[in-house]
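>>> Predicted model follows, preceded by the sequence.
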Amino acid sequence: NAGVMQNPRHLVRRRGQEARLRCSPMKGHSHVYWYRQLPEEGLKFMVYLQKENIIDESGMPKERFSAEFPKEGPSILRIQQVVRGDSAAYFCASSPASKDEQYFGPGTRLTVT
Amino acid sequence: AQSVTQLDSQVPVFEEAPVELRCNYSSSVSVYLFWYVQYPNQGLQLLLKYLSGSTLVKGINGFEAEFNKSQTSFHLRKPSVHISDTAEYFCAVRRGRSGGGADGLTFGKGTHLIIQP
């Protein structure tokens, strides 16, 4: 059973470009969570999704950030018009149900130049 | 809302010595508690979790933690560390089943465990 997969592992974008981060949950998991890890800080919750639904986006910046988890395919975290402050590691986690243990992917390290 | 405080940003320890990494939390509802380990440039791996029951929880790699409700603490311990334990350790909380609401984890800022030969 493959773990949570994230791609790309490293992403470089110039200021103003769009970044798309993908997360494929573990097989049988229908709950996906996105977290951001800024340098010298812990992980901060961003958004929680189930298939085709955003359940909790209380940690998402109000502008430029969006997330989806379609019926088919991976979950996507999209950042429009990236700025240097968006440079961080973005982690995805999945679980089979809402209160179960979350399994983390290896992360995508976004660098904005 | 919940919050997590990891009191030490860095803990240097000699190999084969015991270690304790401290974690305190605050929450107005019941919570689940977790310790994760992050090796350089990797994702997080669950070390152990407290959901209910016995307050002493044993995890992988010889780690254990004790939940203390009165002190709102969940300190991580290992009786004898190895060089391979060098990593970043994160304490996290999440609302329990009776807590309702969001399921996202709230993390502490992490403790860097440095094992010295």
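Arrived safely, thanks for sending. No experiment lies behind these values; they were computed from the predicted model shown.
>>> Get me the contact residues on chain A for chain B.
Residues of chain A lying close to chain B by C-beta under 8 Å from any C-beta of the partner chain are A:4, A:31, A:33, A:35, A:40-46, A:48, A:55-56, A:58-59, A:91, A:93, A:98-99, A:101-107, A:109. Placement of C-beta: from N, CA and C, glycine included.
>>> Tell me which helix or strand the closest residue to chain B within chain A sits in.
Proximity of chain A to chain B (C-beta to the nearest C-beta) peaks at A:F45, 3.3 Å away. Using DSSP states H and E, A:F45 sits within strand A:43-50.
>>> Show me what that strand is packed up against.
strand A:31-37, strand A:53-56, strand A:65-68, strand A:75-79, strand B:106-107 (3 or more C-beta pairs under 8 Å, 6 or more residues apart in numbering or on different chains; DSSP states H and E).
>>> how about the ones you listed, which one is nearest B:I60?
With C-beta to C-beta as the criterion, B:I60 lies closest to strand B:106-107 of these, at 18.9 Å.
>>> List the pairing partners of the helix or strand just after the closest one within its sheet, with orientation.
Per DSSP H and E, the first helix or strand lying C-terminal to strand B:106-107 is strand B:111-116. Strand B:111-116 sits in its sheet next to strand B:10-14 (parallel), strand B:87-95 (antiparallel), going by DSSP bridges.
>>> Out of the helices and strands packed on strand A:43-50, which is the most enclosed?
Greatest average neighbour count among those goes to strand A:31-37 (a mean of 24), per mean count of other C-beta atoms under 10 Å in any protein chain shown.
>>> Now do that one against strand A:43-50, angle only.
160 degrees (axes from the mean of the first three to the mean of the last three C-alpha atoms, to 10 degrees).
>>> any idea of the angle strand A:31-37 forms with strand A:75-79?
Using the same axes, to 10 degrees: strand A:31-37 against strand A:75-79 is 30 degrees.
>>> From the contact counts, what lies against strand A:31-37?
Checked by 3+ C-beta pairs under 8 Å, 6+ apart, strand A:31-37 has strand A:43-50, strand A:75-79, strand A:88-95 packed alongside it.
>>> who does the shortest one touch, helix- and strand-wise?
In terms of contacts (3+ C-beta pairs under 8 Å, 6+ apart), strand A:75-79 is packed against strand A:19-24, strand A:31-37, strand A:43-50, strand A:65-68, strand A:88-95.
>>> Can you show me the CA trace of it as CSV?
Extracted in CSV, the C-alpha atoms of strand A:75-79 (Å, rounded to 0.1, in the frame of the first residue of the first chain):
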residue,chain,number,x,y,z
SER,A,75,-6.0,16.9,-4.4
ILE,A,76,-4.6,20.2,-5.7
LEU,A,77,-3.4,23.2,-3.7
ARG,A,78,-3.2,26.2,-6.0
ILE,A,79,-1.3,29.4,-5.2
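>>> returning to that earlier point: next, count neighbours for the residue of chain A closest to chain B.
23 (other C-beta atoms under 10 Å in any protein chain shown).
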